[in-house]
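> A structural model of the following input is requested.
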Amino acid sequence: MDADLERSIAAVQAAHPGEIHRRDGVLTGWSRGGYAVAPVAAMHPNRWPFLVIIDADAPLSAARLREAGVRAVALVAAERGTALAGVTKSVQALTESGLAARLFVMRGAYHQYSPDIEAIMTDVFAFFAPFK
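Residues are numbered from 1 along each chain as shown. Here you go, the predicted model:
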């Protein structure tokens, strides 16, 4: 997954020379992809300071995220999905460990994006802004 991601980024950089910068990168994963976000960030310390994990109750360690240079984590969960309870606990644990973390809930959704996902993602990026 990491190699595919890096190839895709390289292709976009080649197509748009000088327009794509790696600073303040946001790494996002949905469902099973959400489980890959923290390990991929750990492979490249300081490359992915902002993580968005969507509807995945992925195991997260504040210490490992700090080692990876992660500054803030947004966890997005479907209100009616199976990940919400675990994600809520993760946000609490990360916050108690001093890492910036916030829960965003997709109202009325099961394991799909809610109709207000654009507004939620706007809020996610607003949450990240003070940490840049």
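> measure A14 to S8 for me?
As judged by CB to CB, to the nearest Å, A14 and S8 stand 11 Å apart. To be clear about C-beta, it is placed using only N, CA and C from the backbone, and glycine gets the same treatment.
> what's the answer for R80, then?
R80 sits 32 Å away from S8, going by CB to CB.
> repeat for S114
Remark: distance between S114 and S8 (CB to CB) = 26 Å.
> need the contact list for the most centrally placed residue in the chain.
For the chain, V52 is the residue whose C-alpha lies nearest the centre (CA atoms, centre = their mean; 1.6 Å). Contact analysis of V52 by CB atoms under 8 Å, 6 or more residues apart in numbering lists V26, L27, T28, G29, V37, V73, A74, V76, M121, V124.
> what about it, is that helix, strand or coil?
What DSSP: H, G, I helix; E, B strand; the rest coil gives for V52 is strand.
> the helices in this structure, which residues?
Applying DSSP state H to the chain gives helices spanning 2-15, 34-43, 62-67, 84-96, 117-128.
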